[in-house]
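J.: sequence and predicted structure below; questions after.
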Amino acid sequence: MERDDIGGLLARVALKDRAAFSLLYGRISAKLFAICLRMLKDRGEAEEALQDVFVKIWHKAGTYTGAGDDAYPWLCAIVRYHCIDRLRARRPEGEDIEAAVDIADLAPDPEERAMLRSEGGRIDTCLEALDPDRALAVRQAYVEGLSYQELADHFAVPLNTMRTWLRRSLLKLRECMDEHA
Amino acid sequence: MSTPDQSKGDRSRDEVLAGEYVLGVLGGSERRQVEARLRHDRQFAAMVKRWEENLTQFNDDYAEATPPDQLLAKIEDRLFASAATGAVSKGNLWNSLLLWRGLSFASIAALGLVVGLDYAERIRPKPQAMLTAELAGENEAIALHARYDGSSGRLSFTPVATGGAEQRSLELWLVEGEQGPISLGVLPQTGQGELDVPENLRARLTQGVVLAVSLEPFGGSPTGQATGPVVALGEVRP
């Protein structure tokens, strides 16, 4: 897939260019549909979601103000967030997420810091600096759209443990990516 | 006042929250809260954008799956069938106004950009006397207030913000219904001067059309189609 043109197509879609919309669909619909299928795990709902997403893209293209090379992440974010919203609406959860985070407890210790700094800046490399289970949790949360509760169930740990895992992991990843930005 | 340590802690908390949002682990109501914050907290929005870019490599985990053949047709039906009956959705175009309103009028530049239309009455029935459009983008590059006086045929612009100035040109486009954009010309680099709307296009500048400004290479789009990001967009209305 050539990603270079996607930003240009988006700009034309913002100007209500239907031909560009059709081209954009041809270029990215297979990827976006795969995201819907993977997250929603239901073909009928994935088809509905993909329709909704392209309707959104038509209307929201004007709000894309990137330089062109970040159009692809922008589009993936739209479809992922749409699917996540559908998933969360399926099974409303009691949420007490505001369980306070003590950031000091979450920060990497000096040994971990040294390790993080020695790693490269790509997310894969930074993930390798994490405990394998925690790296997997981060990846599955993203790719499958799992909630904290689902992750906790999947890894058979208490909900709060999962929260701490994931938040610690995010801080470490942030540090690693920043070091090598 | 917060100590440096406290503010560092706040930043870490925000980074975690932004990461949680992008990963998708938050519940529905928390996602709404984050999205509400994204609309007014630029620094936080930048954190989210950075996570989106950092984690975009995970998108490689998704394979590709061809959607059913008729899906594009269904989407186009949803989008364009209603437009064909004249019910043009305004809502989304006007979403960008939120930002426009947020821009301080104190920043109104003293640039009076006047576009002389030399409106010829013989071309078509006279439109409403005064039409206006606010053209706004989300990246602060520029926002314009456009006023079109149907009786005098003058279209005037007031840039209400400029920023990120680059040696590039702003090109004005007319978007009619669902048709492709037509260039109305390149806005004067100085913000002062006149722009003649091509005679064959004057009749089309009526209520309901959309004016858009894109950022183009110096001198305007080389292809005749918008190539750069759209920095401002707005519908013409009475």
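T.: Yep, it's here. Residues are numbered from 1 along each chain as shown, chains lettered A, B, ... in the order given.

J.: quick one, what contacts the residue nearest the centre of chain A?
T.: Centrality entry for chain A: nearest residue to the mean C-alpha point is A:Tyr142, 4.7 Å, by CA atoms, centre = their mean. Going by CB atoms under 8 Å, 6 or more residues apart in numbering or on different chains, A:Tyr142 touches A:Arg80, B:Val22, B:Leu23, B:Gly24, B:Leu55, B:Phe58. C-beta: built from backbone N, CA, C; applies to glycine.

J.: ok, is stretch B:197-216 in contact with chain A or not?
T.: Yes - Stretch B:197-216 lies within reach of chain A by CB under 8 Å from any CB of the partner chain, at B:Val210, B:Ala212, B:Ser214.

J.: now the buried members of the contacts of A:Tyr142.
T.: Neighbour-count burial (16 or more other CB atoms under 10 Å in any protein chain shown) applied to the contacts of A:Tyr142 gives A:Arg80, B:Val22, B:Leu23, B:Gly24, B:Leu55, B:Phe58.

J.: give me the subset of the residues you listed lying in helices.
T.: Among the buried ones among the contacts of A:Tyr142, DSSP state H puts A:Arg80, B:Val22, B:Leu23 in helices.

J.: pull the residues that contact stretch B:55-73.
T.: A:1, A:22, A:25, A:29-31, A:33-35, A:37-38, A:47, A:50-51, A:54, A:72-73, A:76, A:122-124, A:139, A:142-143, B:22-23.

J.: please indicate which of those are buried?
T.: Of the contacts of stretch B:55-73, these count as buried by 16+ other CB under 10 Å: A:25, A:29-31, A:33-35, A:37-38, A:47, A:50-51, A:54, A:72-73, A:76, A:123, A:139, A:142-143, B:22-23.

J.: out of the residues you listed, which are inside helices?
T.: Using DSSP H, the buried ones among the contacts of stretch B:55-73 in helices are A:25, A:29-31, A:33-35, A:37-38, A:47, A:50-51, A:54, A:72-73, A:76, A:123, A:139, A:142-143, B:22-23.

J.: if I look at B:Gly27, how far off is A:Arg168?
T.: For B:Gly27, the distance to A:Arg168 equals 20 Å [CB to CB, to the nearest Å].

J.: again, but for A:Ala156
T.: 18 Å.

J.: out of the two, which sits in the more crowded spot?
T.: More crowded of A:Ala156 and A:Arg168, by other CB atoms under 10 Å in any protein chain shown: A:Arg168, with 21 against 8.

J.: what about the more buried one? Give its phi and psi, please.
T.: In terms of degrees, to the nearest 10, the main-chain angles of A:Arg168 are phi -60, psi -40.

J.: now the residues of stretch B:197-216 next to chain A as JSON lines including neighbour count and pLDDT?
T.: Listed next are the residues of stretch B:197-216 next to chain A as JSON lines, based on neighbours: other CB atoms under 10 Å in any protein chain shown; pLDDT from 0 to 100:
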{"residue": "B:Val210", "neighbour count": "23", "pLDDT": "79"}
{"residue": "B:Ala212", "neighbour count": "27", "pLDDT": "81"}
{"residue": "B:Ser214", "neighbour count": "28", "pLDDT": "78"}
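
J.: so where is the chain shaky, pLDDT-wise?
T.: Because you didn't say which chain, this covers chain A. For chain A, applying pLDDT under 70 flags the ranges A:1-4, A:65-68, A:92-121, A:181.

J.: meant chain B actually
T.: In chain B, residues with pLDDT under 70: B:1-6, B:82-152, B:157-168, B:177-178, B:188-195, B:231, B:238.

J.: domain assignment for it?
T.: B:4-61, B:85-235 (automatic domain parsing).

J.: same deal with chain A?
T.: Listed by automatic domain parsing, the domain ranges of chain A are A:6-90, A:103-179.

J.: where along chain A do the strands fall?
T.: Secondary structure of chain A (DSSP state E): no strands located.

J.: buried residues, stretch B:13-29. List them.
T.: Buried residues in stretch B:13-29 (16+ other CB under 10 Å): B:13-28.

J.: and these, which two are the farthest apart?
T.: B:Glu15 and B:Gly28 (22.0 Å; CB to CB).

J.: can you get me the start-to-end distance on stretch B:207-226?
T.: 22 Å (CA to CA, to the nearest Å).

J.: picking that back up, can I get the buried ones among the contacts of A:Tyr142 in JSON lines including distance to B:Asp41?
T.: Listed next are these as JSON lines, based on distance: CB to CB, whole Å:
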{"residue": "A:Arg80", "distance to B:Asp41": "21"}
{"residue": "B:Val22", "distance to B:Asp41": "15"}
{"residue": "B:Leu23", "distance to B:Asp41": "19"}
{"residue": "B:Gly24", "distance to B:Asp41": "20"}
{"residue": "B:Leu55", "distance to B:Asp41": "20"}
{"residue": "B:Phe58", "distance to B:Asp41": "25"}
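
J.: from the residues you listed, which is closest to B:Glu199?
T.: So of those, ranked by how close each gets to B:Glu199 (CB to CB), first place is A:Arg80, at 48.0 Å.

J.: from chain B, how far off is the closest one?
T.: Per CB to the nearest CB, to the nearest Å, A:Arg80 is found 7 Å from chain B.

J.: again, but for A:Ala14
T.: Counting by CB to the nearest CB - A:Ala14 and chain B are separated by 4 Å.

J.: that residue - how many residues pack around it?
T.: Neighbour count of A:Ala14, defined by other CB under 10 Å: 29.

J.: what do you get for B:Arg31?
T.: That count, for B:Arg31 with other CB under 10 Å as the rule, works out to 18.

J.: B:Gly9 too?
T.: Per other CB under 10 Å, the neighbour tally for B:Gly9 reads 17.

J.: quick one: it from B:Val16, how far?
T.: Distance check for B:Gly9 against B:Val16: by CB to CB, it reads 11 Å.

J.: for A:Ile78, what are its contacts?
T.: A:Ile78 is in contact with A:Val53, A:Lys56, A:Ile57, A:Lys60, counting by CB under 8 Å, 6+ apart.

J.: tell me where chain A has helices.
T.: Secondary structure of chain A (DSSP H): helices located at A:6-14, A:18-40, A:43-60, A:71-90, A:103-106, A:110-118, A:123-128, A:132-144, A:148-155, A:159-179.

J.: just chain B next, same as before
T.: Under DSSP H, chain B gives helices at B:4-23, B:28-38, B:42-54, B:71-76, B:82-84, B:91-95, B:97-102, B:199-202.
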